[in-house]
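# With the sequence up front, the predicted model follows.
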Amino acid sequence: MYSFIKTGIILLLLNTTVVWASTAMNYGYPLENPYAATILGTPNDFKAELPRYNRIPSKEYTLEIPDTRTIPDVFWYHRQGLNYAVTAQNKKAPLIFAIAGTGAGHRSAKMKLFQRAFYQAGYHVITISSPTFTNFMVNASKTAIPGNLEEDSADLYNVMQQIMNEHSELEVTDYNLIGYSLGASQAAFVARLDEQKKAIGFNKVLMINPPLNLFHSVKLLDNMLTANIPGGVDNFNAFFKNFMKNITAYYREHQKLSLTGPDFFYAAYKDKNPNDSKMQALIGIAFRMSSSDMMFVSDVFNNLGYLVPKNTPLETTTSLTRYSKASRRLGFSDYVEEIYLPYFSKATGSSHDELIAQSSLLSIKDYLQQSDNIGLMHNENDPILMKGEIDTIKSLFPGRAMVYPYGGHCGNMEYKDNVAYMVNFFSGSEFSGSNK
């Protein structure tokens, strides 16, 4: 989530009562509101004690993947290859692959959390960008049209194997896998593919806040924006201008707090008490930015003619302003209806309904219910789930689900209890989940 999005939400000056955490399940994460948790994450005082990022030996690498298509000139800055990071122990150790969520790269805040937590716990850590991230789309995706869980996971699996071929110096005792949000869903499909191909052999897999059905969640996210900006998306520019104005004003009054730090967001939230509709709108904006980037890359890379007319030359110096403005008005649902479904319906012969069903964890229900090495960490109040979906998700992980009473969508990942559970899931000999 972009930091200015976080700041903007808490600076929309509206009088709404804040609901603070109770003692349910003796869980001490401080934000019960699902939208606030999603945006603010975890305040510093509640985070797990982990080494600073600059104190761990994380190294950046670039992977050149053979047999990929020519990258258009407009994406020249991605031509070096797929970016990823390795945080290695100086001894033989278990290894964990981490897959980022929608629109996130291998160096996003949540991926750095995985690096810090699991390096401290004695693991080699390899972080990989989401298949929805531009650098992955142009370098590692066979189609550059993400969203098909089987296709995306095959691309991820290929990347993992090639990375291991590049790092034969790593002494590995066993392999593990973790992912959050969309990356969690992809982790399940990667694990399933590995059971068929047997090229890696994952010991344990942890899925954090996966959607039940990707396209159900897409509709919820789009609606968070369109239903909560007065006048709809046509007034997006005025809405955006207003919260940028509020950022500047609040920061001038609180310059002792870092503008990019979680304590700044937390203090402003408690001070200004924004209401749910404004928070939903800002969550929608953040995901709209991801979907618009994804739509532009898919369109240009495949010469689809949806945003950019077919065969239009986009050079390194071409202004992209008008295409950017056009893409910002389009949501995830537009991507699904106008790009994803037509492409994969033609490529596979599947109907639109069949493709939507394939985007659900229910499409691999039997596999998940029978896989004792795959666990779930989720939140009861995740706002990207439809009513009743959290119960369906829990049913896929009998005895292997840790579901917290609140935390929004991945908002509590840095909370000390959550980090402890993540690490213990992989290092402990037993599952300690609860279906409460």
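Received it, and whenever you're ready, just let me know what you need.
# Report pLDDT for the residue nearest the centre of the chain.
Centroid-nearest residue in the chain, with Cα atoms, centre = their mean: Gly101, separated by 1.7 Å. If you check Gly101, the pLDDT there is 96.
# And for the one 10 residues further on?
Per-residue confidence at Met111 stands at 97 (pLDDT).
# if I pick the nearest residue to Ile374 once chain neighbours are set aside, what's in contact with it?
Closest residue to Ile374 apart from its sequence neighbours, by Cβ to Cβ, 6 or more residues apart in numbering: Val205 at 4.5 Å. C-beta here means a position set from N, CA and C on the backbone, and glycine is covered the same way. Neighbour list for Val205: Asn176, Leu177, Ile178, Ala187, Ala188, Ala191, Ser371, Asn373, Ile374, Gly375 [criterion: Cβ atoms under 8 Å, 6 or more residues apart in numbering].
# Checking Val205 next. Helix, strand or coil?
The three-state label given to Val205 by DSSP: H, G, I helix; E, B strand; the rest coil is strand.
# partner residues bridging it?
Leu177, Ile374 (DSSP bridges).
# From Tyr61, how far off is the residue nearest to the centre of the chain?
21 Å (Cβ to Cβ, to the nearest Å).
# ditto for Met402
In terms of Cβ to Cβ, Met402 sits 33 Å off from Tyr61.
# neighbour count winner among these two?
Met402 (25 against 15; other Cβ atoms under 10 Å).
# Can you tell me the SS state at the closest residue to Gly408 other than its chain neighbours?
Nearest non-adjacent residue to Gly408, counting by Cβ to Cβ, 6+ apart: Ala37, 3.2 Å away. For Ala37, the secondary-structure state derived from three-state DSSP is helix.
# show me what contacts Ala37?
Going by Cβ under 8 Å, 6+ apart, the list of residues near Ala37 reads Tyr29, Leu31, Asn379, Asn381, Tyr406, Gly407, Gly408, His409, Gly411, Asn412.
# Sort the residues you listed by pLDDT and name the bottom one.
Lowest pLDDT of the contacts of Ala37: Leu31, 93.
# Show me what that one bridges to in the sheet.
Applying DSSP bridges to Leu31 yields these beta-bridge partners: Trp20.
# helix/strand/coil for the spatially closest residue to Ala281 that is not a sequence neighbour?
Leaving aside its chain neighbours, Ala281 sits nearest to Asn228 (3.9 Å; criterion: Cβ to Cβ, 6+ apart). Three-state call for Asn228 (three-state DSSP): coil.
# Where do the strands of the stretch 101-250 of the chain begin and end?
For the stretch 101-250 of the chain, applying DSSP state E, counting those that start in this stretch gives strands covering 124-128, 172-180, 202-208.
# cool, the stretch 251-400 of the chain as well?
Using DSSP E, counting those that start in this stretch, strands in the stretch 251-400 of the chain cover 374-379.
# Mind pulling the model confidence for the closest residue in space to Tyr421 that isn't next to it in sequence?
Nearest non-adjacent residue to Tyr421, counting by Cβ to Cβ, 6+ apart: Met402, 5.7 Å away. Model confidence at Met402, given as pLDDT, is 97.
# If you count contacts, what does the helix or strand where Met402 lies end up packed against?
Per DSSP states H and E: Met402 is located in strand 401-404. Where contact means 3 or more Cβ pairs under 8 Å, 6 or more residues apart in numbering; DSSP states H and E, strand 401-404 is packed against strand 374-379, helix 389-395, helix 416-427.
# Count the neighbours of Glu338 for me.
Counted with other Cβ under 10 Å, residues neighbouring Glu338 total 17.
# distance of it from Thr321?
According to Cβ to Cβ, Glu338 and Thr321 sit 21 Å apart.
# List the contacts of Ile163.
So Ile163 contacts Tyr61, Leu63, Tyr84, Val86, Ile126, Ile128 (Cβ under 8 Å, 6+ apart).
# what about it, distance to Ser130?
Separation of Ile163 from Ser130 (Cβ to Cβ) stands at 16 Å.
# Could you do Tyr415 as well?
From Tyr415 to Ser130 the distance is 23 Å (Cβ to Cβ).
# Mind checking which of these two has more residues around it?
Taking Tyr415 and Ser130 together and counting by other Cβ under 10 Å, Ser130 has the greater number of neighbours (30 against 24).
# Look at the closest residue in space to the more buried one that isn't next to it in sequence and say how many residues are nearby.
Among residues not flanking Ser130 along the chain, Ala100 sits closest, at 4.3 Å (Cβ to Cβ, 6+ apart). As a burial measure, Ala100 scores 27 neighbours (other Cβ under 10 Å).
# repeat for Met224
For Met224, the number of neighbouring residues by other Cβ under 10 Å comes to 26.
# cool, Ile65 as well?
Neighbour tally, Ile65, other Cβ under 10 Å: 14.
# so where's this structure uncertain?
1-25, 68, 236-237, 240, 243-244, 247-273, 429-436 (pLDDT under 70).
# Outline the domain layout of it.
3-21+217-354, 46-212+362-427 (automatic domain parsing).
# so of the ones you listed, which one's packed in deepest?
By mean neighbour count, with neighbours taken as mean count of other Cβ atoms under 10 Å, domain 46-212+362-427 ranks first of the domains of the chain at a mean of 20.
# That one spans what distance, first to last residue?
23 Å (Cα to Cα, to the nearest Å).
# which residues sit in contact with the residue nearest to Leu113 when sequence neighbours are not counted?
Excluding its sequence neighbours, the residue lying closest to Leu113 (Cβ to Cβ, 6+ apart) is Glu414, at 5.7 Å. Neighbour list for Glu414: Gly41, Thr42, Phe46, Lys47, Ala48, Leu113 [criterion: Cβ under 8 Å, 6+ apart].
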